[in-house]
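J.: kindly return the folded structure for what I paste below:
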Amino acid sequence: MSAPLRWSALEARLPLHELPAFHRAFLRQHRPELKPDTLPLRRVQQYVSQTLYALVKEGKARRVGEDFELEAEQIPPPYRELGANLD
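T.: All right, here's what the predicted structure looks like:
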């Protein structure tokens with residue numbers, strides 16, 4: 001099993017203009033019923049935050065200070081490789 005990935009580190013690796021696509025991909029994986037591609041960006045951001053907290057409650061993520069750590073399988077596949085070289 002690989003080391004957990006820090007949410008903030010993953011976001012920092014992406015150019016700012018790619019963050020909305022990353023957040024929508026995360027919601028498509030965890031909350032497809034929301035139809036994230038149809039949501040305004042503000043709602044996407046709110047649901048990402050709610051989903052991260054829900055993953056903590058489910059034991060699929062953990063809080064580290066103000067950040068979150070997730071296992072790679074909780075990250076959408078196209079973005080998992082971003083965490084590969086985070087040291």
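J.: in the chain, which spans are helices?
T.: Per DSSP state H, the chain carries helices over the ranges 7-13, 19-30, 41-57, 77-80.
J.: nearest to Asp67, out of those helices?
T.: helix 7-13 (4.9 Å; Cβ to Cβ). Yep, even glycine has a C-beta here, placed from its N, CA and C like the rest.
J.: now that closest one: average pLDDT?
T.: What helix 7-13 shows for mean pLDDT is 94.
J.: for that helix, buried residues please.
T.: Trp7, Leu10, Glu11 (16 or more other Cβ atoms under 10 Å).
J.: and which of these is nearest Leu34?
T.: Leu34 has its nearest neighbour among these in Trp7, at 18.6 Å by Cβ to Cβ.
J.: hmm, back to that, which one of the helices of the chain is the most hemmed in?
T.: For these, the largest average neighbour count (mean count of other Cβ atoms under 10 Å) is found in helix 19-30, namely a mean of 18.
J.: which other helices and strands contact that one?
T.: Helix 19-30 sits against helix 7-13, helix 41-57, helix 77-80, with contacts defined as 3 or more Cβ pairs under 8 Å, 6 or more residues apart in numbering; DSSP states H and E.
J.: model confidence score at the closest residue to Ala54 other than its chain neighbours, please.
T.: Spatial nearest neighbour of Ala54, chain neighbours left out: His30 (8.0 Å); criterion: Cβ to Cβ, 6 or more residues apart in numbering. Listed pLDDT for His30 reads 98.
J.: His30 contacts Leu52, correct?
T.: No. Counting by Cβ atoms under 8 Å, His30 stays clear of Leu52, with 9.2 Å between them.
J.: rewinding a little: can you redo the helices of the chain as a markdown table with distance to Glu66?
T.: Putting the helices of the chain into a markdown table (distance: least, Cβ to Cβ, whole Å) gives the following:
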| stretch | distance to Glu66 |
| --- | --- |
| helix 7-13 | 8 |
| helix 19-30 | 18 |
| helix 41-57 | 11 |
| helix 77-80 | 21 |
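J.: re earlier: out of the helices and strands packed on helix 19-30, nearest to Ala21?
T.: Going by Cβ to Cβ, the one of the helices and strands packed on helix 19-30 nearest Ala21 is helix 77-80, 9.1 Å.
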